[in-house]
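J.: Would you be able to build a 3D model of this:
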Amino acid sequence: MNQSATEPVAATETLAEVPEHVLRGLPEEVRLFPSAVDKTRIGVWATKPILKGKKFGPFVGDKKKRSQVKNNVYMWEVYYPNLGWMCIDATDPEKGNWLRYVNWACSGEEQNLFPLEINRAIYYKTLKVTVLELVYC
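T.: The predicted structure is shown next:
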């Protein structure tokens, strides 16, 4: 996911705007709260320690060509042998899942997740025991 947007994110996200299917899909060890990394965004927070090596995913969104993506804050690019590079775009919260709310770490020290591409899908894996907001570099 690339955090330098082609278009700025319009407004501050609120918990009231999070779609019901996203809330129902949260694993028991995480909840959504305002982000400490970006005050305009929602973040994913651990409610109890999450062990190193725990895998979450896949990241869900619309499959689009790069030229169709209007905002690259909530997307990943994945290579498909028969289609070339495609984006998994979760800009629309109705099309994404809770992984849409994982934010960019301010530093490598803060990073506690690592993105993985497995069979053309994006997953996150914890790099260390995590008790705070889940973030990646």
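J.: contacts, neighbours, all on C-alpha from now
T.: Will do.
J.: now this protein, which segments are flagged as low pLDDT?
T.: 1-10, 137 (pLDDT under 70).
J.: residue ranges of the helices in it, please?
T.: 20-24 (DSSP state H).
J.: which residues in it form strands?
T.: 30-34, 42-46, 55-56, 62-64, 75-80, 84-89, 103-104, 113-118, 121-126, 135-136 (DSSP state E).
J.: quick one: contacts of the fifth one?
T.: Okay, so that is strand 75-80. Among residues not part of strand 75-80, those counted as contacts by C-alpha atoms under 8 Å, 6 or more residues apart in numbering are 1-2, 61, 85-91, 117, 120-122.
J.: Go through those and name the one nearest residue 47.
T.: residue 122 (23.0 Å; C-alpha to C-alpha).
J.: shouldn't that closest one be in contact with residue 59?
T.: Yes - Residue 122 is in contact with residue 59 according to C-alpha atoms under 8 Å; the separation is 5.3 Å.
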